[in-house]
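Novice: Give me coordinates for this.
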Amino acid sequence: MPLSSSIEDPVRKMNRMYRWTRHVYDWSRRYYLLGRDRMLRAIAEQPSSNVLEIGCGTARNLRMLDQHAPQHTLYGLDASLSMLATARAKMEREGCLDDITLGHGLAQALDSREQFGVERDFDVIFFSYVLSMIPDWTAALGSALAHLAPGGRIHIVDFWDQADLPEWTAMVLQRWLALFDVYPRPDLIRALRRLDGVDGVTCTVAPVAYRYAYWSTIRVSGAVSASAFDGLGMEVPSVSSASESKRFEGLHTIVD
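Specialist: Got it, this is the predicted structure:
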C-alpha cells in the first residue's frame, strides 16, 4: 500500500535530515540534550516493565537502559529509516540486538501490533527531545496516552523557554533550533499542567538547568476514559482509530 502524502512527507523529511548527521548524532547531542540521563535513571529504577521510546533515533537511550535496567522489555519507534539503520548497527556492535525491538512509524500513528508485532500497551512511554520537533504534538501525546497501560507513566524531556537564563541565551538557542525545525512549545507546557486536574492522572513539570529544558512525568493511576481529556487541546484516539489508514509498508524493514 503506498504511503499517503500526509505520512510520507514527515518520513522523507526525517530521512533527509538524519542521512548524514546520524553518524555523529550521539557524540554531538551529549552536550546540549540535558536531563535525559536523569530521566533514564528514574525509568531504570522501576520494576520490570514494557518500555517504549517514541523518537528513539540511534537507540542511545534504549541501549543505556538495556545496560542498566535489564529487567525491562524495550521498544523503540522512529520515523527515520536512516536513524533506525544506525540504531540497529550500534545495537549489533553492543550485543543487544535481541534485547530491543525497533519499529518504524510516526508518533501520532502508534500501533504496537503493526509496528512491533505485539498486542500490548506500555507501562512506560518516554519522549526525549522529540515533541519539540513534531508540529502535531497533541496527536503524538494523545496516541501515547491511548497506548499507556493502567498505572503507567509517560516521561517527557524537552526544551523549555530558558526564562531563567540570560535573554540572549534564549534568543540564540531558539534561533539555532529553528534551523532544524525544533521549537519550544509553551502550549504543551500548559496542556501538561492541565492534565494534572484530570481524574486518575497526575502530572509534574520540573525545570532542568534554569528552564533550559523541562522534565515532565504523567502518571495514570488506572484506566482513564478518552473523554476525560476533552478540553485539554489534545485528541486521545482509540487504538483502532490510531492505526486506521496510518500504516507503513515494510514497518520492520531497516534500510541503510
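
Novice: any low-confidence regions in the stretch 151-256 of the chain?
Specialist: 223-256 (pLDDT under 70).

Novice: ok but Cys203 is inside a strand, no?
Specialist: Yes: applying DSSP: H, G, I helix; E, B strand; the rest coil, one finds Cys203 inside a strand.

Novice: Run through the helices of the stretch 151-256 of the chain in chain order.
Specialist: 167-178, 186-195, 239-243 (DSSP state H, counting those that start in this stretch).

Novice: With mean neighbour count added, can I get the ones you listed in TSV?
Specialist: All C-beta spots, glycine's among them, are computed from the backbone N, C-alpha and C. Shown next, in TSV, are those (neighbours: other CB atoms under 10 Å):
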stretch	mean neighbour count
helix 167-178	13
helix 186-195	17
helix 239-243	16
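
Novice: Now render the ones you listed as JSON lines, adding distance to Val51.
Specialist: As requested, those are exported to JSON lines (distance: least, CB to CB, whole Å):
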{"stretch": "helix 167-178", "distance to Val51": "27"}
{"stretch": "helix 186-195", "distance to Val51": "20"}
{"stretch": "helix 239-243", "distance to Val51": "19"}
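
Novice: can you give me the strands in the stretch 51-200 of the chain?
Specialist: All strands of the stretch 51-200 of the chain, identified by DSSP state E, counting those that start in this stretch, fall at 73-78, 100-104, 122-128, 148-159.

Novice: Just send the ones you listed back as TSV, with distance to Leu141 and mean neighbour count too.
Specialist: TSV is the format used below for these (distance: least, CB to CB, whole Å; neighbours: other CB atoms under 10 Å):
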stretch	distance to Leu141	mean neighbour count
strand 73-78	14	24
strand 100-104	18	22
strand 122-128	8	24
strand 148-159	8	21
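
Novice: Relative to Met39, which of those is closest?
Specialist: strand 148-159 (5.1 Å; CB to CB).

Novice: The closest one: how far from the chain's middle?
Specialist: With CA atoms, centre = their mean, to the nearest Å as the basis, strand 148-159 stands 9 Å off its chain's centre.

Novice: Same question for stretch 173-191.
Specialist: With CA atoms, centre = their mean as the basis, the mean position of stretch 173-191 lies at 15 Å from the chain mean.

Novice: just to revisit the earlier point, out of the strands of the stretch 51-200 of the chain, flag the one nearest Arg88.
Specialist: strand 100-104 (6.5 Å).

Novice: Check whether Val205 really touches Arg194, as I assumed.
Specialist: No: counting by CB atoms under 8 Å, Val205 does not reach Arg194; the two are 11.0 Å apart.

Novice: So for Glu94, what's the nearest residue that isn't a sequence neighbour?
Specialist: By the measure of CB to CB, 6 or more residues apart in numbering, the closest residue to Glu94 outside its immediate chain neighbours is Arg63, 6.0 Å from it.
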